[in-house]
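1. Have a look; sequence and predicted model below, questions after that.
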Amino acid sequence: MGALNKFLGKPKEVVIDGEKIQIHPLRVKDMHLFSKDAKDNPEEMKKINKQIMKLSVPEATEEEIDNLPMRINVKLMEEINKLNGFTNEQVESIKKRIKQE
């Protein structure tokens, strides 16, 4: 067991619209997704959103992600943001970008 193993994030079960779903925390290797400045490019933001969703809910298919209602997408991204410890400012920025799609 490595020295940092005890810090590895564990999945969390959340309830969205009465349905339970397990989300996984993002890893350091996924930080590149947040270094991109896609605020003026809705297609790039959509791509980043899909990547984050796929990493957080690994069993989700691309078709499921593409067909999610926007309100569920926003709720799920809010839970993902909470799990990963993003600040309110970061969360608001991400929510604004999602709504621009």
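-> In hand now; what should we look at?

2. mind listing the helices for this protein?
-> 32-35, 42-56, 62-67, 70-83, 88-100 (DSSP state H).

3. could I get the ones you listed as a markdown table with distance to residue 20?
-> No exception for glycine: its C-beta is placed from N, CA and C like everyone else's. Shown next, in a markdown table, are the helices of the chain (distance: least, Cβ to Cβ, whole Å):
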| stretch | distance to residue 20 |
| --- | --- |
| helix 32-35 | 26 |
| helix 42-56 | 15 |
| helix 62-67 | 16 |
| helix 70-83 | 12 |
| helix 88-100 | 22 |
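
4. For residue 25, which of those is the nearest?
-> Of all these, helix 70-83 sits nearest to residue 25, with 5.4 Å by Cβ to Cβ.

5. any weak-confidence spans in this protein?
-> Counting by pLDDT under 70, the chain contains low-confidence ranges at 1, 34-40, 87-101.

6. nearest spatial neighbour of residue 16, skipping sequence neighbours?
-> Closest residue to residue 16 apart from its sequence neighbours, by Cβ to Cβ, 6 or more residues apart in numbering: residue 75 at 5.0 Å.

7. Near the one you found, how many other residues are there?
-> By other Cβ atoms under 10 Å, the residues close to residue 75 number 16.

8. do the same with the one 10 residues further on
-> Taking other Cβ under 10 Å as the neighbour definition, residue 85 ends up with a count of 10.

9. same check, this time on residue 24
-> Residue 24: 17 neighbours (other Cβ under 10 Å).

10. do residue 68 as well
-> 16.
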